[in-house]
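Colleague: A structural model of the following input is requested.
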Amino acid sequence: MNLPRVAVLFGGPSAEHDVSVLTGLQALEALDPTRFEGVPVYIDLQGHWWLGLEPKNPLRERQNYLPDLALQRQLTRVQFAVGGARQQGRWQLQAVAQPWFGRAAAIPFDYFLPALHGSWGEDGTVQGALAAEGAIVAGSGVGGMATTIHKHHTALLAASLGIPVVPTHTVRRGESLNPAALKALGKFPLFVKPNFLGSSIGVHKVADMAALTEALAAVLRLDTLALVQPCIPNLIEYNVAVRRLPNGEVVTSAIERPKRQGDSYDFKTKYLSGNQSGTIHGKLGGHQGEALRGIIGATRTLNPPELASGQGAKLAAAIRAHAVSLFAELDLMGTPRLDFMVNEATGALYFNEINPTPGSFSFFLWEASTGPGQCGLTELLTDLLTEARQRARTHHRPTDPATMGGRIFTRRG
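Modeller: Residues are numbered from 1 along each chain as shown. Just a heads-up that it's a prediction; the model follows:
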């Protein structure tokens, strides 16, 4: 039986390349093998796309990352050719062959599942290339990705919806600090973070002007725009994922409280700590669970008890309402995670940012949910691919100008 073939895209020329590899490998293991044929498509740090040969595909094994030149000789470099990828209702990845090899081979796919994090993978770049050929792509589209990757623009939109946000001073590469804007943020300490990168890379807490200057230089080596924000005292972070069920209902997941070390949730805490033996809905126990332990065992508290009743329950309701409001306004898809910050002493709530393709697709938040969206990673991925196909059918737009009264030239043939 020929099953629909899913290209799982992961890696990419991004600072979050390695985390993306983990998410991609998880997705490959968790895809329902009775409904889909999952194929790993690894994108290296130079932006080259690679496929491996089955049945012993080296791209399925964590120990083969990052592939060196010797391993690359066992792989096939491929490309998605905009303007020539769609053939008979499927989309082709074409082998990049030397001229003497003759015509390059083509490998057809029915779906694309981006497991890409950070710039390039979450900024609409890949989504735009795939959309140009009308491909069926899971997750948010070009508009949603392009907006959410821009943390400051997303915060401005949130503020326009009446959602509280943290005051921010932006500094572009090549610009200087604005003393008046900086003063409006209040006293040190302050936080400095990249605008276009992930939530845990390049974040600095600074105690004085010298440290601020040094942090800005570091951030602007990674990014073109830096955000300077006041330090929220008595900080607690809460995150929640949102998605649309196949019946159209928008639901929220369990809420998580990251367990921080110090004043921020850094990369090491997020991906390299915690329980080393987690499983994914029974699909990835044993050595597979161990191989993917970093992203599985991130340290967090699910369904924090302080949100169960009283003022905590009201806070949880506000977090969910704000998350759904932003999800709808941005016309998002997939299972984006929305991050909030709270001053524990005052109860003041602030929207922080949106992660449109969170690590592990935030499957653990859906496993811990008690609502209609409760599911494991296998069912979650099936729903995301179903959503992508439904979206492709319902959001078709005419391309012939004649259908919109824009005809100028005679149709021939």
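Colleague: where do the helices sit along the chain?
Modeller: 17-30, 69-72, 125-131, 142-148, 151-160, 179-184, 209-222, 267-271, 286-291, 293-296, 310-329, 363-367, 377-394 (DSSP state H).
Colleague: Stretch 108-125 - what's its average pLDDT?
Modeller: Stretch 108-125 shows a mean pLDDT of 94.
Colleague: End to end on it, go ahead and measure it.
Modeller: 21 Å (Cα to Cα, to the nearest Å).
Colleague: Same check on stretch 169-189?
Modeller: Span of stretch 169-189 from end to end, Cα to Cα: 14 Å.
Colleague: So which bits of that stretch are buried?
Modeller: Using 16 or more other Cβ atoms under 10 Å as the test for burial, stretch 169-189 gives 169, 171, 185, 189. Just so you know, the C-beta spots here come from the backbone N, C-alpha and C atoms, and that holds for glycine as well.
Colleague: go on, stretch 74-88?
Modeller: 75-76, 78, 80-81, 85-86.
Colleague: and if you look at stretch 370-377?
Modeller: Using 16+ other Cβ under 10 Å as the test for burial, stretch 370-377 gives 373, 375-377.
Colleague: so how far is that stretch off the chain centroid?
Modeller: 19 Å (Cα atoms, centre = their mean, to the nearest Å).
Colleague: what's in contact with that stretch?
Modeller: Outside stretch 370-377, the residues within contact range by Cβ atoms under 8 Å, 6 or more residues apart in numbering are 26-27, 30, 243, 245, 249, 251-254, 280-283, 303, 360-361, 363, 366-367, 383.
Colleague: Just the endpoints, please. Distance across that stretch?
Modeller: From its first residue to its last, stretch 370-377 covers 15 Å (Cα to Cα).
Colleague: Can you tell me how far the spatially closest residue to residue 222 that is not a sequence neighbour is from residue 219?
Modeller: Nearest non-adjacent residue to residue 222, counting by Cβ to Cβ, 6 or more residues apart in numbering: residue 202, 5.0 Å away. Distance of residue 202 to residue 219, given as Cβ to Cβ, to the nearest Å: 5 Å.
Colleague: next one: residue 68
Modeller: The value you get for residue 68 to residue 219, if Cβ to Cβ is used, is 31 Å.
Colleague: Equivalent analysis for residue 5, please.
Modeller: In terms of Cβ to Cβ, residue 5 sits 40 Å off from residue 219.
Colleague: For those two, indicate the residue with more neighbours.
Modeller: residue 219 (25 against 16; other Cβ atoms under 10 Å).
Colleague: check contacts around residue 382.
Modeller: Applying Cβ under 8 Å, 6+ apart, the residues near residue 382 are 32, 35-36.
Colleague: taking these one by one, which sit in strands?
Modeller: In strands, defined here by DSSP state E, there are no members of the contacts of residue 382.
Colleague: Most neighbours among these, please name it.
Modeller: residue 36 (19 neighbours).
Colleague: From what I see, that one and residue 2 are in contact.
Modeller: No: Residue 36 is not in contact with residue 2 according to Cβ atoms under 8 Å; the separation is 11.3 Å.
Colleague: how near is residue 115 to residue 208?
Modeller: 40 Å.
Colleague: who's more crowded, these two?
Modeller: More neighbours surround residue 115 than the other of residue 115 and residue 208, with 29 against 10 (other Cβ under 10 Å).
Colleague: check contacts around the more buried one.
Modeller: Counting by Cβ under 8 Å, 6+ apart, residue 115 has contacts 8-10, 20, 23-24, 26-27, 357, 361.
Colleague: Ok, residue 246 next?
Modeller: Contacts here follow Cβ under 8 Å, 6+ apart; on that basis residue 246 touches 383, 386-387, 390.
Colleague: Can you get me a residue count around residue 397?
Modeller: Neighbour tally, residue 397, other Cβ under 10 Å: 6.
Colleague: Quick test: name the residue nearest the centre of this protein.
Modeller: The residue lying closest to the centre of the chain (Cα atoms, centre = their mean) is residue 357, at 1.8 Å.
Colleague: doesn't residue 334 make contact with that residue?
Modeller: Yes: counting by Cβ under 8 Å, residue 357 does reach residue 334; the two are 6.6 Å apart.
Colleague: I'd like to know how many residues surround residue 368.
Modeller: 15.
Colleague: er, residue 10 I mean
Modeller: Close neighbours of residue 10, defined as other Cβ under 10 Å, add up to 27.
Colleague: Spatially nearest residue to it (excluding sequence neighbours)?
Modeller: Residue 10 sits nearest to residue 24 (Cβ to Cβ, 6+ apart), 2.5 Å away.
Colleague: Would you mind measuring from residue 193 to residue 320?
Modeller: When Cβ to Cβ is the yardstick, residue 193 and residue 320 sit 25 Å from each other.
Colleague: between the two, which one's more packed in?
Modeller: residue 193 (25 against 18).
Colleague: The more buried one reaches residue 227, doesn't it?
Modeller: Yes: contact criterion Cβ under 8 Å: residue 193 and residue 227 qualify, at 5.4 Å.
Colleague: what's the overlap in contacts for the two?
Modeller: Common neighbours of residue 193 and residue 227 (Cβ under 8 Å, 6+ apart) are residue 151.
Colleague: How is this protein divided into domains?
Modeller: 5-137, 148-164+233-259+299-393, 169-230 (automatic domain parsing).
Colleague: mind putting those domains in JSON lines, distance to residue 411 included?
Modeller: Putting these into JSON lines (distance: least, Cβ to Cβ, whole Å) gives the following:
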{"stretch": "domain 5-137", "distance to residue 411": "21"}
{"stretch": "domain 148-164+233-259+299-393", "distance to residue 411": "26"}
{"stretch": "domain 169-230", "distance to residue 411": "44"}
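Colleague: between those, which gets nearest to residue 406?
Modeller: domain 5-137 (20.5 Å; Cβ to Cβ).
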